[in-house]
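Enquirer: Turn this into a model:
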Amino acid sequence: MHFLAGIALAILGAATTAPVDVHVFLTPPEVPYYRQPSFTIQVDSPADLEVQLPDMSKKFGGIEVYGEPKRSTTALEDKRVRTEVTYVLDPVKPGDYSIEPVTVTWEPGGKAEVPSPALRVRDLTPEEEKSLARFEQIALPQKRGSPLAPWMAWALGGTVLAVALALLALRFLRRGRGPELKAIREP
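Expert: Next up is the predicted model:
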């Protein structure tokens with residue numbers, strides 16, 4: 001009988017809501033390699049409970065984080081707060097990336113671990129390639145030609161170098177023709 005009561009208490013304890021709710025969002029879960037998805041950790045907890053969120057900066061399967069994570073806290077009903085930390089990811093290579101699970105802790109001795117969704121980074125579709133090519137023509141700086149023809153630039157550079165060498169040679173020749181010093185003999 002006591003065994004059944006223990007099982008019932010364990011089931012009731014598991015069914016009660018935890019003081020902390022942890023959710024993880026990856027928006028969007030699939031992107032072309034030039035887009036930046038966001039990864040958000042959302043924690044709802046009692047206002048008087050101190051919750052520690054992990055630093056996920058190095059836990060995105062080799063994907064770099066763009067900038068500093070954005071952190072916000074919002075008051076909810078029933079003396080609860082929502083804490084959110086959002087990371088902007090910067091993938092550069094197509095592939096499937098697994099993100100480490102999120103472990104949130106709080107005192108006294110509470111812990112919640114939530115699995116993270118995987119991120120799929122893909123190549124461009126033909127439509128995206130056309131759109132990107134059109135954008136590149138607008139976005140890239142236009143190459144401007146030199147106002148001088150290439151031979152004129154070489155001629156001008158050579159002339160400046162020749163004048164500089166002539167002035168340097170003239171200076172050394174004048175320095176060598178200084179006043180002559182006579183040797184003084186002592187008796």
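
Enquirer: next structured bit after the longest strand anywhere in the chain?
Expert: Of all the segments of type strand in the chain, defined by DSSP state E, the longest one is strand 80-90. Downstream of strand 80-90, the first helix or strand assigned by DSSP states H and E is strand 95-97.

Enquirer: give me the low-pLDDT residue ranges for the protein?
Expert: 1-18, 135-148, 176-187 (pLDDT under 70).

Enquirer: can you tell me which residue is nearest the centre of this protein?
Expert: The residue lying closest to the centre of the chain (CA atoms, centre = their mean) is Tyr66, at 2.4 Å.

Enquirer: Could you pull out the helices in the chain for me?
Expert: For the chain, the helices defined by DSSP state H cover 2-15, 126-139, 150-176.

Enquirer: what about the last one, distance to the chain center?
Expert: This points to helix 150-176. Offset of helix 150-176 from its chain centre (CA atoms, centre = their mean, to the nearest Å): 50 Å.

Enquirer: hang on, isn't Val24 packed against Val104?
Expert: No - look at Val24 against Val104 with CB atoms under 8 Å: they stay out of range, at 10.0 Å. The C-beta positions use only the backbone N, C-alpha and C, and glycine is treated the same way.

Enquirer: anything in contact with each of the two?
Expert: Ile41, Val114 (CB atoms under 8 Å, 6 or more residues apart in numbering).

Enquirer: who's more crowded, the two?
Expert: Counted by other CB atoms under 10 Å, Val24 and Val104 do not tie: Val104 has more neighbours, with 21 against 17.

Enquirer: Run through the residues that contact that one.
Expert: Listed by CB under 8 Å, 6+ apart, the contact set of Val104 reads Val20, Val22, Ile41, Val43, Val51, Gln52, Leu53, Pro54, Lys111, Ala112, Glu113, Val114.

Enquirer: Bridge partners for it, pull those for me.
Expert: Counting by DSSP bridges, Val104 is bridged to Ala112.

Enquirer: separation between it and Pro37?
Expert: As judged by CB to CB, to the nearest Å, Val104 and Pro37 stand 21 Å apart.
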